[in-house]
Each structure stands twice: as structure tokens, then as C-alpha cells.
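Student: with the sequence up front, the predicted model follows.
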Amino acid sequence: MEARELGRFGEERAARWLRWHGYRIVETNFACRSGEIDLIAQKGSYIVFVEVKLRRSADFAAAREFVTAAKRQRIRTTAALWLSQHETGLQPRFDVIEIYAPRGAEGKITLNHIENAFE
């Protein structure tokens, strides 16, 4: 499976998990010049900007560690643009969903949802 297909697989699994836990998916793959947000979801009083990181294992580093300071800044900037285009009274929040898929799309996966992963 190609990296792009594997990424799409991870985002679909993350969206399914969020729906199962009461989130409503507002938008997927919102992109602009400053960056991309994998998933935008709403639950309760929050509009949640979700970065999905899929890795085969955490042997080298946890998937969340690949959300660098520069990546977080691009997500913040992209979220600010989205918020300027979509009027909402909801509180923004930034989450990371780590997915570990040792055999790619085949076999068992482990998913870890980190709420309020960064400001």
C-alpha cells in the first residue's frame, strides 16, 4: 500500500473512531497555502482540529512526536483561516490521533486520541 493510501486509511479510521465517540465530522482534508488539517470535528462546545499520525510502530518515536513545533504552527494558522471562513461560537481545540498499524491496512491497529494536544 502506498503512503498516500495508507494516510487516507488512517484518516478514515480516525474519523470512524471520532464518530463512534460522539463527534460530528465537519470537514476532511481542509487545505490552503499555509497547510492542511486532516479532520475538523465538532463535539459539545468544541470545534476540534485533528492531526492524524499513522506509523507502523513506536520503536523510533511516538507518532505524536512527529507533530513538530513547525507543524503545530501551520495547523494553528490553517485553523485560524478556517475559523475566519466559518463563523462559529465553538471553542477551538487541537487534538492528535496516533494510529499504529504494524501491517498497514491489514490486521489490527491501535488508536490513541490525545485531546488538547497543543494550544
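Tutor: Great, that's in hand.
Student: read off the pLDDT value for residue 40.
Tutor: Confidence at residue 40, expressed as pLDDT, is 98.
Student: that one: how many residues sit nearby?
Tutor: Applying the criterion other CB atoms under 10 Å, we find 22 residues in the vicinity of residue 40. For every residue, glycine as well, the C-beta is placed using N, CA and C.
Student: what packs against the helix or strand harbouring it?
Tutor: Here residue 40, judged by DSSP states H and E, is contained in strand 35-43. Of the remaining helices and strands, those touching strand 35-43 by 3 or more CB pairs under 8 Å, 6 or more residues apart in numbering; DSSP states H and E are helix 3-20, strand 24-32, strand 46-55, helix 69-85.
Student: nearest to residue 98, out of these?
Tutor: The minimum distance between residue 98 and the helices and strands packed on strand 35-43 falls on strand 46-55, with 5.5 Å, by CB to CB.
Student: pairing partners for the closest one, with directions?
Tutor: Sheet pairing of strand 46-55 (DSSP bridges) gives strand 35-43 (antiparallel), strand 91-100 (parallel).
Student: coming back round to it: who wins for proximity to residue 91 among the helices and strands packed on strand 35-43?
Tutor: That would be strand 46-55 among these, by CB to CB, at 5.3 Å.
Student: and the strands paired with strand 46-55 as a markdown table, adding distance to residue 22?
Tutor: Written out in a markdown table, the entries for the strands paired with strand 46-55 read as follows (distance: least, CB to CB, whole Å):
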| stretch | distance to residue 22 |
| --- | --- |
| strand 35-43 | 6 |
| strand 91-100 | 14 |
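Student: show me the beta-bridge partners of the most centrally placed residue in the chain.
Tutor: Within the chain, the residue whose C-alpha comes closest to the C-alpha centroid is residue 51; the distance, by CA atoms, centre = their mean, is 2.4 Å. On DSSP bridges, the residues paired with residue 51 through beta bridges are residue 96.
Student: got it, and residue 25?
Tutor: Once the bridges are assigned, which here means DSSP bridges, residue 25 pairs with residue 41.
Student: quick one: contacts for it?
Tutor: Listed by CB atoms under 8 Å, 6 or more residues apart in numbering, the contact set of residue 25 reads 15, 18-19, 39-41.
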